[in-house]
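> Fold the following and give me the result.
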Amino acid sequence: MKNIKIAFFDIDGTLVDMDTKEMTQATQETLFQLKERGIILCIATGRMPNNIPTFPNVTFDAFLSFNGSYCFSEEEVIFKNPIPAEDVQKIIENGRKIKRPVMLANLTSEGANGTDKDLMEYMAISNNQVKVIEDFDNFAKGEIYQIMMGGRKEEYAALLDGVHGAKITAWWDRAVDIIPADGGKGLGVEKILAYYHLTKENAIAFGDGSNDVAMLKTAGMGIAMGNATEDVKAIADDICGSVKEDGIYHYCKKHGLI
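Residues are numbered from 1 along each chain as shown. Below is the predicted model of the structure:
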């Protein structure tokens with residue numbers, strides 16, 4: 001893997017254990033060593049920019065937030081792709097019809113028109129809370145990059161009824177992220193590769209959830225975590241150990257990346 005020059009990592013279930021919500025020492029050391037060897041480090045997450053955690057002794061070079069809809073480095077914005085305004089309003093209306101509250105995210109804050117058990121527990125996974133706001137209608141008229149809702153697969157059709165410019169991506173079976181129809185982590189990877197003048201053959205990506213499928217397909221080497229969902233494992237080029245087993249560390253060590 002001598003041609004690998006950039007590495008993309010999902011956070012929850014990949015870099016960070018879903019139960020402990022912490023990164024292991026071995027994973028931290030892996031990232032540090034990759035950086036020391038000149039490999040560009042990128043976070044690729046469904047989280048909003050100000051909810052991306054920092055880790056001791058690790059500095060990332062670029063970030064795909066909102067599942068690739070807003071990509072940036074420390075120096076500049078690389079790519080931005082908000083949800084069409086008419087689709088935001090339609091999704092809010094659909095949510096009301098099936099009694100599902102909606103949480104919207106712009107670049108700096110989030111706001112919801114209510115909450116339910118699924119949405120609360122979904123946000124808690126990333127140490128976040130549902131923020132119900134009084135001026136929701138005005139908030140919804142702004143530039144929205146992602147919509148979070150409780151929702152099972154059987155509700156997907158109702159959530160997107162009449163929606164043309166947005167789609168569902170999900171990494172948990174009780175809630176969804178709604179992003180632009182042409183968006184996703186795969187598009188974010190393409191934009192960052194172009195920014196650094198690299199090709200897919202220069203890229204490796206690690207992920208565990210269904211929203212990581214496009215990212216793993218877009219990278220030259222897509223690696224599924226041992227704890228990944230079956231659809232992720234099915235499309236991956238390889239599978240490493242689980243996040244609890246320091247899968248990223250052992251994979252990088254075995255293949256000479258560190």
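
> use CA for all of it now, contacts and neighbours both
OK.

> Can you pull the phi/psi pair for residue 28?
Phi and psi for residue 28, reported as degrees, to the nearest 10, are phi -60, psi -40.

> next one: the one 3 residues further on
For residue 31, the backbone dihedrals (degrees, to the nearest 10) come out as phi -60, psi -40.

> My read is that it contacts residue 58, right?
Yes - counting by C-alpha atoms under 8 Å, residue 31 does reach residue 58; the two are 6.5 Å apart.

> More neighbours: these two, which one.
residue 31 (25 against 16; other C-alpha atoms under 10 Å).

> wait, what's in contact with that one?
Shown in contact with residue 31 (C-alpha atoms under 8 Å, 6 or more residues apart in numbering): 41, 58.

> so what does the worst-scoring helix or strand of the chain on mean pLDDT touch, helix or strand wise?
Ranked by mean pLDDT, DSSP states H and E, the weakest helix or strand in the chain is strand 166-172, scoring a mean of 89. For strand 166-172, the packing partners by 3 or more C-alpha pairs under 8 Å, 6 or more residues apart in numbering; DSSP states H and E come out as strand 175-180.

> got the angle for the next helix or strand after the strand it packs on vs strand 166-172?
Where DSSP states H and E defines the elements, the next helix or strand beyond strand 175-180 is helix 185-195. The directions of helix 185-195 and strand 166-172 differ by 100 degrees, with axes from the mean of the first three to the mean of the last three C-alpha atoms, to 10 degrees as the criterion.

> following helix 185-195, which helix or strand shows up next?
Downstream of helix 185-195, the first helix or strand assigned by DSSP H and E is strand 203-207.

> Pairing partners for that next one, with directions?
strand 6-9 (parallel), strand 221-224 (parallel) (DSSP bridges).

> Give me the contact list for the last one.
With contact meaning C-alpha under 8 Å, 6+ apart, strand 221-224 is reached by 201, 203-208, 215-216, 232-233, 236-240.

> so which of these is the most crowded?
The residue in the contacts of strand 221-224 with the most neighbours, by other C-alpha under 10 Å, is residue 207 (32 neighbours).

> Is that residue bridged to anything, and to what?
residue 224.

> does residue 58 have beta-bridge partners, and which?
Bridge pairing for residue 58 (DSSP bridges) gives the partners residue 55.

> separation between it and residue 192?
According to C-alpha to C-alpha, to the nearest Å, residue 58 stands 19 Å off from residue 192.

> low-confidence ranges in the stretch 151-258 of the chain?
The stretch 151-258 of the chain contains no residues with pLDDT under 70.

> does residue 141 really touch residue 84, like I thought?
No - at 10.4 Å, residue 141 does not count as touching residue 84 under the criterion of C-alpha under 8 Å.

> Next one: residue 122 from residue 56, what distance?
Applying C-alpha to C-alpha, the value for residue 122 to residue 56 is 25 Å.

> the more surrounded of those two?
residue 122 (22 against 10).

> more neighbours, residue 141 and residue 84?
Neighbours per residue, other C-alpha under 10 Å: of residue 141 and residue 84, the larger number sits with residue 84, 18 against 12.

> The least confident helix or strand of the chain - which strands sit beside it in the sheet, and in what orientation?
Using DSSP bridges, the strands paired with strand 166-172 are strand 175-180 (antiparallel).

> Need the contact partners of the strand it pairs with.
With contact meaning C-alpha under 8 Å, 6+ apart, strand 175-180 is reached by 46, 66-67, 69, 81-84, 118-119, 122, 145-152, 165-170.

> what ranges do the helices span in the stretch 51-200 of the chain?
Along the stretch 51-200 of the chain, the stretches classed as helices by DSSP state H, counting those that start in this stretch are 85-97, 117-125, 136-139, 156-159, 185-195.

> Which parts of the fourth one count as buried, going by neighbours?
Within helix 156-159, the residues that count as buried by 16 or more other C-alpha atoms under 10 Å are 158-159.

> likewise the first one?
In terms of neighbour count (16+ other C-alpha under 10 Å), helix 85-97 has its buried residues at 87-88, 90-95.

> This completes my enquiry, with thanks.
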